[in-house]
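Undergrad: make a model of this:
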Amino acid sequence: MNCILYYYMFCGYSRTIRFLMEENSVDFDISHQTPWNMSKECSAFCKIHNYPTIFDGHRSIEGRSAIIEYLNIKYCKNTLFPKDLQARLDVLQSCDWVEDNISLLCKQIVEERLHAVFVHKKSVDTIKINRVLDILHINISKMTHMIDKNNGYIVNGSISMADILAASFLSTIDYFGYIQWSSLYDLKTWYLKIKSRRNFYKLYDDVLKNLQPSRFYNLLDF
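TA: Below is the predicted model:
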């Protein structure tokens, strides 16, 4: 029996896990979920109703950290974590930075753009979104500086889990067209390296029925 990945396309963690599974040729099926329409089978075994969740045999695992640890032990040859202790710590610390400075802002944008409309039946608060985008712009500048210092990647001069995690959240935000790539040359160069990877590019196939993505969302020439 294949693994089942319970996947929310506007969750950067879901995107990260899906990429990791594709990259390591894990046999799995995808069950698309949304917080406002969770399937009965997902609700039945999800302890904390968290995305992503994988169901493997009789075992369910929820949350990015637990799933990555599980996949790395059972399936993964390419874990995107270096073996050297210090280099691994550097990647872990960079992942923490991405979570603190990118993922939380992504969550606020998604909640305002989608949850407000589909769950709470409210109009989008553009003032709130613009405040979040102002902070995001500052943090993107900091991340670009990290990339410039590390040979085109976030840490250690090579692709790591930190790059995939950051690109997963930025691609989620990019669905709404909120990132002005034309004025972010260095960041765009880094993002294109991640976006053009075959298993990452698969993430752009998913579209929400009632909300089309931005014009350049799934294009490599953006």
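
Undergrad: keeping just the C-alphas, turn the helix or strand that residue 19 is a member of into PDB.
TA: Per DSSP states H and E, residue 19 falls inside helix 12-23. Extracted as PDB, the C-alpha positions of helix 12-23 are listed here (Å, rounded to 0.1, in the frame of the first residue of the first chain):
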ATOM      1  CA  GLY A  12       4.300  25.700   2.200                       C
ATOM      2  CA  TYR A  13       5.000  22.700   4.500                       C
ATOM      3  CA  SER A  14       2.800  20.500   2.300                       C
ATOM      4  CA  ARG A  15       4.700  21.600  -0.700                       C
ATOM      5  CA  THR A  16       8.000  20.900   0.900                       C
ATOM      6  CA  ILE A  17       7.000  17.400   1.900                       C
ATOM      7  CA  ARG A  18       5.600  16.600  -1.500                       C
ATOM      8  CA  PHE A  19       8.800  17.700  -3.200                       C
ATOM      9  CA  LEU A  20      10.900  15.600  -0.800                       C
ATOM     10  CA  MET A  21       8.800  12.500  -1.500                       C
ATOM     11  CA  GLU A  22       8.900  13.100  -5.300                       C
ATOM     12  CA  GLU A  23      12.700  13.700  -5.100                       C
END
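
Undergrad: name the helices or strands packed onto it?
TA: strand 3-7, helix 64-74, helix 161-174, helix 198-201 (3 or more Cβ pairs under 8 Å, 6 or more residues apart in numbering; DSSP states H and E). (C-beta placed from N, C-alpha, C; glycine too.)

Undergrad: now the angle between helix 161-174 and it, please.
TA: 120 degrees (axes from the mean of the first three to the mean of the last three Cα atoms, to 10 degrees).

Undergrad: now for this structure, the helix or strand with the poorest mean pLDDT.
TA: helix 40-45 (a mean of 58; mean pLDDT, DSSP states H and E).

Undergrad: excluding its backbone neighbours, what's nearest residue 211?
TA: Excluding its sequence neighbours, the residue lying closest to residue 211 (Cβ to Cβ, 6 or more residues apart in numbering) is residue 114, at 7.6 Å.

Undergrad: all strands of the chain, in order?
TA: Assigned by DSSP state E, the strands in the chain fall at 3-7, 28-32, 53-56, 59-62.

Undergrad: for the third one, packing partners?
TA: What it means is strand 53-56. Strand 53-56 makes packing contacts with strand 3-7, strand 59-62, helix 64-74 when contacts are defined by 3+ Cβ pairs under 8 Å, 6+ apart.

Undergrad: ok, residues contacting the longest one?
TA: By Cβ atoms under 8 Å, 6 or more residues apart in numbering, the residues outside helix 64-74 that reach it are 13, 16-17, 20-21, 24, 26, 52-54, 56, 61, 79, 81, 161.

Undergrad: the first one now?
TA: Among residues not part of strand 3-7, those counted as contacts by Cβ under 8 Å, 6+ apart are 14, 17-18, 21, 26-33, 39, 42, 46, 51-56.

Undergrad: try stretch 114-134
TA: With Cβ under 8 Å, 6+ apart, stretch 114-134 has contacts from 10, 34-36, 105, 108-109, 112-113, 178, 208, 211.

Undergrad: sounds good, over and out.
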